[in-house]
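1. mind looking at a prediction? Sequence and model below.
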Amino acid sequence: MTSALPGEAVSSYDVTGRLGTDYYAVFADIPEADRAVWERAQAYIDEVGDRMQEAWDRAEYPLDLAERMGELDLLNDGIEHPGLTRFSPLAAGLVNMEISRGDGSLGTVVAVQGGLALRTLALFGSPQQQEAWLAPIARATVPAAFALTEPDHGSDSVSLETVARRDGDTWVIRGTKKWIGNGASGGVTFVWARIDDDTAPEHGAVRCFLVEQSAPGYTGTVITGKASLRGIHQAHIALDDVRVPLDAVLPGAKSFKDASTVLYSTRSGVAWSALGHATACYEAALQYAQQRTQFGKPLAKFQMVQERLAQMLEELTAMQLYCRHLADLEQSGGLRPTQASLAKYHNTRAARRIASAARDLLGGNGILLENGVMQHMADIEAIHTYEGTESVQALLIGRDITGVSAFA
């Protein structure tokens with residue numbers, strides 16, 4: 001946009017368009033079925049992007065846009081189940097990438113509603129639980145949460161203190177959870193709790209319970225003051241003697257290892273999500289360098305700017321290669337959990353560097369939400385932490401390559 005007054009030849013910049021950056025043609029040969037899913041995700045982002053930017057700015061969570069994602073069948077996250085559309089690992093990754101390229105909060109909806117909650121139900125739920133809840137969660141007509149993390153137990157979530165005890169024909173759940181996406185959205189929560197019954201053989205084991213958020217004693221409070229992922233609500237949950245029927249326990253979830261199975265599966269998605277954020281930042285920087293004029297010529301003609309763009313592209317291409325090979329390994333059945341950890345470890349770190357370089361290249365305009373970079377930069381901070389912090393991933397990888405555990 002141009003101004004009629006001197007001193008403002010250009011009043012705003014068009015830097016959020018999709019450029020399709022793929023310098024090594026990493027995605028040039030993807031199957032048509034996978035490309036169709038990717039294009040559906042692109043169309044969705046084009047449809048809702050402007051509204052989500054406003055929602056992020058106001059820290060509002062438009063649940064109808066999550067439901068729209070479900071209508072478009074974009075929440076399946078590669079889960080294998082006869083009641084769900086089958087996405088290949090590559091298609092699932094491309095959805096994570098594209099949704100996060102558009103908006104990190106929506107990317108987290110995919111991670112929570114699909115990657116965590118839907119996967120937990122599909123892997124561990126009873127036939128009756130799946131019949132009742134699988135389709136509504138896949139379509140996001142029922143918001144769903146995965147409640148593992150507690151205020152006192154984040155990286156050491158294996159030490160969770162929330163407990164469940166039997167009382168006649170019910171389970172009674174008592175404890176607290178924090179940072180739970182969709183935990184105060186009026187749907188259901190998959191609560192991980194430790195069995196507290198000295199007489200039971202499963203005493204001390206970690207099980208998963210399907211809890212309706214309308215249950216007496218369940219209080220989900222939206223966490224305010226977030227500077228990241230502002231377009232989705234995370235909750236602090238209090239479970240004050242919440243009673244659920246005996247069949248609320250998921251029969252296939254018998255230990256903390258089952259929770260870990262879900263988390264391992266979603267780490268691939270976080271690597272893809274980081275790629276989406278980084279792509280948006282790099283492409284904004286490139287477009288800005290081509291449009292912004294300083295000292296009588298476009299920024300793109302300055303050697304330092306070209307070097308920065310080349311460095312960003314170098315890291316972005318490495319991220320793409322990580323993700324593509326990750327999908328190929330998963331497709332072949334050869335993906336190990338620590339390989340997913342390495343991809344998350346590399347990609348969220350690289351995304352932070354790309355976002356920082358892009359923000360710097362845009363100068364003062366880099367902090368404006370309308371240019372996208374600052375929002376992505378803030379959202380990357382959340383995905384860098386969730387599904388296992390940088391330090392936890394490093395220790396998992398270190399244990400794998402050395403054969404020695406350094407966990408405290």
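-> Yep, it's here.
2. what's the closest non-adjacent residue to Val244?
-> Trp171 (5.1 Å; Cβ to Cβ, 6 or more residues apart in numbering). To be clear about C-beta, it is placed using only N, CA and C from the backbone, and glycine gets the same treatment.
3. any idea which helix or strand comes after the host helix or strand of the one you found?
-> For Trp171, the host element (DSSP states H and E) is strand 170-181. Remark: after strand 170-181, the chain's next helix or strand is strand 188-195, criterion DSSP H and E.
4. show me how far that following strand is from its chain's centre.
-> Chain-centre distance of strand 188-195: 20 Å, with Cα atoms, centre = their mean, to the nearest Å.
5. other SSEs contacting it?
-> Counting contacts by 3 or more Cβ pairs under 8 Å, 6 or more residues apart in numbering; DSSP states H and E, strand 188-195 packs against strand 144-147, strand 163-167, strand 170-181, strand 206-212.
6. just those: most buried one?
-> For the helices and strands packed on strand 188-195, the largest average neighbour count (mean count of other Cβ atoms under 10 Å) is found in strand 144-147, namely a mean of 28.
7. that one pairs with which strands, parallel or anti?
-> Counting by DSSP bridges, the strands paired with strand 144-147 are strand 188-195 (parallel).
8. what angle do the strand it pairs with and strand 163-167 make?
-> Here strand 188-195 points in a direction 80 degrees away from that of strand 163-167 (axes from the mean of the first three to the mean of the last three Cα atoms, to 10 degrees).
9. what comes up buried for strand 188-195?
-> Within strand 188-195, the residues that count as buried by 16 or more other Cβ atoms under 10 Å are 188-195.
10. ok, of the residues you listed, which one's closest to Ile367?
-> Distance to Ile367 across those (Cβ to Cβ) is lowest for Thr189, with 36.1 Å.
11. contacting residues for the nearest residue to that closest one once chain neighbours are set aside?
-> Closest residue in space to Thr189, ignoring its immediate chain neighbours: Ala145 at 4.2 Å, by Cβ to Cβ, 6+ apart. Residues in contact with Ala145, defined by Cβ atoms under 8 Å, 6 or more residues apart in numbering, are 112, 117, 180-183, 185, 187-190, 213, 235.
12. can you pull out the strands in the stretch 151-300 of the chain?
-> Applying DSSP state E, counting those that start in this stretch to the stretch 151-300 of the chain gives strands spanning 163-167, 170-181, 188-195, 206-212, 218-222, 234-245, 293-294, 297-298.
13. how about these in JSON lines, adding distance to Glu283 and mean pLDDT?
-> Formatted as JSON lines, the strands of the stretch 151-300 of the chain follow (distance: least, Cβ to Cβ, whole Å; pLDDT from 0 to 100):
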{"stretch": "strand 163-167", "distance to Glu283": "48", "mean pLDDT": "95"}
{"stretch": "strand 170-181", "distance to Glu283": "27", "mean pLDDT": "97"}
{"stretch": "strand 188-195", "distance to Glu283": "36", "mean pLDDT": "97"}
{"stretch": "strand 206-212", "distance to Glu283": "40", "mean pLDDT": "97"}
{"stretch": "strand 218-222", "distance to Glu283": "32", "mean pLDDT": "98"}
{"stretch": "strand 234-245", "distance to Glu283": "28", "mean pLDDT": "98"}
{"stretch": "strand 293-294", "distance to Glu283": "19", "mean pLDDT": "94"}
{"stretch": "strand 297-298", "distance to Glu283": "16", "mean pLDDT": "96"}
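14. could those strands be laid out in a markdown table, adding distance to His376?
-> Formatted as a markdown table, the strands of the stretch 151-300 of the chain follow (distance: least, Cβ to Cβ, whole Å):
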| stretch | distance to His376 |
| --- | --- |
| strand 163-167 | 39 |
| strand 170-181 | 18 |
| strand 188-195 | 29 |
| strand 206-212 | 33 |
| strand 218-222 | 23 |
| strand 234-245 | 18 |
| strand 293-294 | 23 |
| strand 297-298 | 23 |
